[in-house]
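K.L.:
What follows is a protein structure lacking sequence information:
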């Protein structure tokens with residue numbers, strides 16, 4: 001996810017969480033001592049941090065293995081929506097800004113921006129994927145579904161996940177079935193015709209006559225476009241668009257990114273979310289340096305030096321472009337803490353498993369109650 005110009009997690013378990021493609025393990029809601037956050041004891045040193053990735057748990061929120069206190073964070077949508085902490089959901093892709101203590105695995109978020117990739121009508125549904133406005137959406141055991149246990153052809157859905165511009169695919173981390181009018185498509189511009197004010201994103205012909213100002217439009221530019229339902233044939237007249245900008249970082253800040261490699265020259269020179277990455281001194285996990293290439297999904301952690309992210313760790317994601325299992329261990333938090341605490345992992349059974357800590361509310365039965 002890149003920046004686009006442009007709470008607390010409440011999971012209603014109105015049936016077992018297997019309905020959403022996951023299982024749930026309940027843990028004690030009493031007080032617990034200590035804070036078993038990944039990373040053990042803290043260093044006491046907090047540094048400015050930008051973290052981009054899916055929400056993997058709540059208590060406050062977990063992103064890229066770090067537990068962020070989001071109590072005072074501002075929350076917004078990348079599409080200029082006004083959001084609150086209560087709108088945050090598991091699997092949403094977010095850009096978190098704040099400070100972190102790497103040794104403790106904790107941080108404090110000052111801002112959280114939520115960005116989805118696609119909104120449209122499902123077509124060509126198969127067991128593992130479907131198409132949306134010409135983009136292939138891949139699902140796996142870690143895809144979180146909302147308001148449905150799956151999707152079928154004809155459903156209106158919003159998709160969050162890892163976008164691969166090289167082959168026009170998205171590995172979905174979250175799919176929400178909902179009603180909406182405005183559709184959304186992300187992709188790379190080709191066939192630009194400034195006379196007719198049209199261009200292509202993949203196989204979709206876009207008409208931008210209704211867009212009065214359009215900075216950065218060019219062949220090869222990566223855009224997100226918005227408009228009403230596209231016609232069955234002919235050009236889709238969009239209402240607005242935004243150019244995908246690189247994630248904004250500052251010197252000496254920590255950067256944590258989950259994204260797909262956009263350009264690759266060498267281990268010491270490749271691009272991710274518009275940023276130059278130097279991985280020459282990085283620990284490579286879940287693969288080898290020779291596995292890195294355009295279109296490969298990775299998680300990178302490092303610090304910004306002279307405008308370049310000097311990676312200390314590069315984790316190659318499942319199958320190169322997939323979302324690997326989340327490995328955040330749940331923290332023990334005092335029972336008086338108002339925040340729920342959850343984390344997710346793949347237990348090898350083909351389902352993701354989430355642990356949630358919080359007071360049970362609205363109890364109807366063992367398979368029908370609310371936590372947070």
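P.N.:
That came through fine. What you are looking at is a predicted structure, and each value in this text was computed from that prediction instead of being measured.
K.L.:
how about stretch 142-150: buried residues?
P.N.:
Buried positions in stretch 142-150, judged by neighbour count with 16 or more other C-beta atoms under 10 Å: 142-146, 148, 150. Every C-beta, even on glycine, is put in place using the N, C-alpha and C of the backbone.
K.L.:
Oh, that last question was meant for stretch 89-107, not what I typed.
P.N.:
Neighbour-count burial for stretch 89-107, with 16+ other C-beta under 10 Å as criterion, is recorded at 89-102, 104-107.
K.L.:
Then stretch 311-319?
P.N.:
311, 314-318.
K.L.:
and those as JSON lines, adding pLDDT?
P.N.:
Converted to JSON lines, the buried residues of stretch 311-319 look like this (pLDDT from 0 to 100):
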{"residue": "311", "pLDDT": "98"}
{"residue": "314", "pLDDT": "97"}
{"residue": "315", "pLDDT": "96"}
{"residue": "316", "pLDDT": "95"}
{"residue": "317", "pLDDT": "84"}
{"residue": "318", "pLDDT": "58"}
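K.L.:
Closest one to residue 159 out of the residues you listed, please.
P.N.:
Residue 159 lies nearest to residue 317 out of these, by C-beta to C-beta, at 17.4 Å.
K.L.:
The closest one reaches residue 297, doesn't it?
P.N.:
Yes. At 3.8 Å, residue 317 and residue 297 qualify as touching, with contact defined as C-beta atoms under 8 Å.
K.L.:
Can you tell me the closest non-neighbouring residue to residue 215?
P.N.:
residue 243 (7.0 Å; C-beta to C-beta, 6 or more residues apart in numbering).
K.L.:
Who are the contact partners of that neighbour?
P.N.:
Contacts for residue 243 were tallied using C-beta atoms under 8 Å, 6 or more residues apart in numbering; they are 5, 215-217, 221-223.
K.L.:
same thing with residue 234?
P.N.:
Counting by C-beta under 8 Å, 6+ apart, residue 234 makes contact with residue 205.
K.L.:
Is it in a helix, a strand, or coil?
P.N.:
Three-state call for residue 234 (DSSP: H, G, I helix; E, B strand; the rest coil): coil.
K.L.:
Give me the below-cutoff pLDDT ranges for this protein.
P.N.:
Low-confidence segments of the chain (pLDDT under 70): 1-44, 318-358, 372.
K.L.:
Find the centremost residue of it, please.
P.N.:
Centroid-nearest residue in the chain, with C-alpha atoms, centre = their mean: residue 93, separated by 2.1 Å.
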